[in-house]
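Engineer: quick one, what's the 3D model for this:
(chains A and B)
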Amino acid sequence: MIVEIGHFALILALVVSLVQGTVPLIGAHRNDAAWMALARPAAIAQFVLIALSFAALTHAYVTSDFSVLNVANNSHSAKPMMYKISGVWANHEGSMMLWVLILATFGSAVAIFGQNLPPSLRARTLAIQAFIALGFLLFIVLTSNPFERIMPAPVDGRGLNPLLQDPGLALHPPFLYLGYVGLSIVFSFAIAALIEGRVDAAWARWVRPWTLAAWIFLTAGIGLGSWWAYYELGWGGWWYWDPVENASFMPWLAGTALLHSSIVVEKRDTLKGWTVFLAIVAFSLSLLGTFLVRSGVLTSVHAFATDPARGVFILVLLLVAIGGSFALFAWRGPSLSATGLFVPVSREGALLLNNLLLTTASAVVLLGTLYPLFLDAMNGGKVSVGPPFFNAVFIPIMTPLFAALAVGPFLAWKRGDLPGALARLKLALGLSIAAALATWYVAADGPVLAVLGMGLAVWLVAGAFVEMASRIHLFRAPVVESLRRLRRIPRATWGMTIAHLGLGILIAGVTGSSAWKVESIQTMTPGQTIDVSGYEFRFEGASGVGGPNYTATRGRFVVSRDGTRVAVLKPEKRVYPVQGRPTTEAAIKTTFLGDIYAVIGEPEGNAGGYVTRLYFNPLVPWIWAGILIMVVGGLFSLSDRRLRVGAPSRREAPRRKDPAQKARA
Amino acid sequence: MKRLIFILPLVAFAIMAVYLAIGLTKDPRALPSVLIDQEVPPFDLVAIEGRDRGFKHGDLLGEVSLVNIFGSWCIACRAEHPFLMKIKEKNWAPLHGIDWREEDRQAGPAWLARFGDPYTLIGDDPKSKAAIAFGVTGAPETFVVDKRGFIRYKHVGPMTQDVWDETIQPMLEELRKQ
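Structural biologist: This next block holds a predicted model:
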């Protein structure tokens, strides 16, 4: 019964989205207030219906209702409750449900918090959002219905891919989707602005918090996914340039560019067409990512649903959404005229450079991801584009980006003083060169790029501190004065500095783990000791252990350095009887300078020997720390009063906080 | 001129969409072999230790047979090995092996002694002579060769019951009729 209610609510939501997409749009065209006003209640109704539908599906998973085909295929009664719930979105149909749920959440958020948006812009934005929802709801109902019943119901379910039974996985898709779909609202704003023919500072200020929110979720989602791959796949790596990783990285690059270009629109009333273009591109790349994952045109560990009918449907969806918006852009874009002048050496000039490099990077990832597809389409044979390509093209793009990044905040709007900015960065430059030389001295036999990477990492971190110090006139003004200035720094500025600092730490982590990773693969018998990067791993044998729905072989390694015990590592190799598939659970001991990482494999020989993989992964924890700091920076910026959802208005002066607004935020 | 720049994204997307549409019609997992429907290139491999006969292209004439590329170093080969043993036990088809890229001449025979030997003929190919002729991209790979010594199909990756039932078995029946 509950399942049928969910199914019915989903179909109702589809009808509502059709109304929400058309009536307000016509209303905005005719300037009919009543028709436009329909957008808000419709958006909220749509959210309620989809939430109801999602709740019904979740209920079926929680109660293990195997008369529902989707539950029978993807769940099992012996599964822990957490994975029964995460199982809802760990399959194709359920993940699409999560997608529309988040889409409707963002739509209703605009309906609720966007009260001071001009009615026509709000009506058009919500209408576009409804059209996106309509496309995806049709997709679900016609090709991927999660509410299909099965007769007779099987006694038990077929379980969930064991690789996916993990806390990292339970969390990373919701975050990624919040990021992907969060970009949808920015896209809807951009299309609405194109229809209106008006992009101005106020528009940029409305769009920025949504971009920022999406960016925060996307950053966290990519970070979580990478972390999951790192400890669950047991290959000691954290990024593989897998097509699906690229599918999340491309919108991130475009979204990061958008985040920066919308500042230029707000402050300088220029780069308008470009910013609208980026808003379209960022969400289009999210859609493209969905197509690549769901259609089966590319193979990947993530491609859990490959069905040509779905592929055709999503392709049509892409044609309408992306093709339609680019056509609109070609038609209306040229009328978006800029008033601001542009001088290369200025804050906006630096932000433009940032944009050019980030979009180039995004284009390069797109090319690398789709190249095998292009070649195959022309019968050019099967190829795969891997890390060597991406590393070779990425480093030359990222190096100038990072080099300019520390300088940008020192340049004034309109006309910057480059020699002056560099003079203030003398300390950071000195530290950066010192770090590069130190890297060269310590790891003389290591890759040359590591020297560059470490230099850039210190350049960014030091640059962030110098920037903050110069902002509060540290050592140039009395301490009291500096403290007073420190308190006055807007949160958006804190956010920028923190995020840039996080990026510096992330670069150090990426450099360290790529340049100095030590790996040792061998068969070990109990009592044997292997030295990895100064750590002695003594293998003490393996034994069988049981879990709630798996059995495992658990190895035991005692790791010591210079005779003192550092850690006891217990990696597992699990077998889930329902699917018969093994998974590896790496054992990781995190230290400040890196991770000590052990994986146990197959038994070998008769003497209790096992294949073992032992790693020292230098600075990997810095990657996670860097991403976390970037997210914190984003949150700081989002909490800025001037950017708070609903706060901006077309008036120039920031409004005083009123209690109602405070409660909403 | 300015208008052209604004049209550019639409054009770029249209081109991409065409490729995506073509991509939909293709199976990314199917790895075609350039040698399909070609005669097996000449090769002559020596025997592995413990056998007196090697394996050469002439051995493939007169009967529909399978050629499996394996190596003791190859983990996926170990995964498919029980199924290869089943092929031998049930006598479904003659199965020949190419023992590929062994660094140690003892390794292949030791591996077969431990897990069982499903092969009718085996050639030792430490220098990839036959493997290159067959266009092997990795191990394991299994080729279907017809009575005239023409390669008719290549399966990449471990052989499984599903692949056998869906593809190999019907193909063998078809080829035996010819």
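
Engineer: now the closest residue to chain B within the stretch 101-250 of chain A: phi and psi?
Structural biologist: Closest to chain B within the stretch 101-250 of chain A is A:P243: 9.9 Å, counting by C-beta to the nearest C-beta. Glycine gets a C-beta too; all of them are placed from N, C-alpha and C. Dihedral pair for A:P243: phi -50, psi -40, per degrees, to the nearest 10.

Engineer: just A:P146 next, same as before
Structural biologist: Reported as degrees, to the nearest 10, the phi and psi values for A:P146 are phi -80, psi -10.

Engineer: what is the burial count for residue 102?
Structural biologist: Answering for chain A, as no chain was given. 21 (other C-beta atoms under 10 Å in any protein chain shown).

Engineer: correction: the question concerned chain B.
Structural biologist: Other residues close to B:E102 by other C-beta under 10 Å number 20.

Engineer: so who does it touch?
Structural biologist: B:71-73, B:108, B:124, B:126 (C-beta atoms under 8 Å, 6 or more residues apart in numbering or on different chains).

Engineer: from those, keep the buried residues only.
Structural biologist: Listed as buried from the contacts of B:E102 are B:71-73, B:108, B:124, B:126; burial here means 16 or more other C-beta atoms under 10 Å in any protein chain shown.

Engineer: between these, which is nearest B:G157?
Structural biologist: B:G71 (14.2 Å; C-beta to C-beta).

Engineer: could you chop chain A up by domain?
Structural biologist: Using automatic domain parsing, the domain ranges for chain A come out as A:2-336+A:350-364, A:518-621.

Engineer: quick check: closest non-adjacent residue to A:A421.
Structural biologist: Nearest residue to A:A421 in three dimensions, chain neighbours excluded: A:F410, at 3.6 Å (C-beta to C-beta, 6 or more residues apart in numbering or on different chains).

Engineer: I misspoke; the intended subject was A:L10.
Structural biologist: Using C-beta to C-beta, 6+ apart and skipping the chain neighbours, the partner closest in space to A:L10 is A:S53 (4.2 Å).

Engineer: one step back: I'd say the residue nearest to A:A421 and A:R424 touch.
Structural biologist: Yes. Assessed by C-beta atoms under 8 Å, A:F410 is found in contact with A:R424 at 5.8 Å.

Engineer: which residues do the two both contact?
Structural biologist: Joint contacts of A:F410 and A:R424 (C-beta under 8 Å, 6+ apart) are A:S470.

Engineer: settle it for me: which of those two has more neighbours?
Structural biologist: Ranked by neighbour count (other C-beta under 10 Å), A:F410 and A:R424 place A:F410 first, with 22 against 17.

Engineer: chain center to the helix or strand containing A:P209: distance?
Structural biologist: According to DSSP states H and E, A:P209 maps onto helix A:201-232. Offset of helix A:201-232 from its chain centre (C-alpha atoms, centre = their mean, to the nearest Å): 5 Å.

Engineer: same for the following helix or strand past that helix, what does it pack against?
Structural biologist: Per DSSP H and E, the first helix or strand lying C-terminal to helix A:201-232 is helix A:243-268. With contacts taken as 3 or more C-beta pairs under 8 Å, 6 or more residues apart in numbering or on different chains; DSSP states H and E, helix A:243-268 sits against helix A:167-196, helix A:201-232, helix A:272-295, helix A:347-377.
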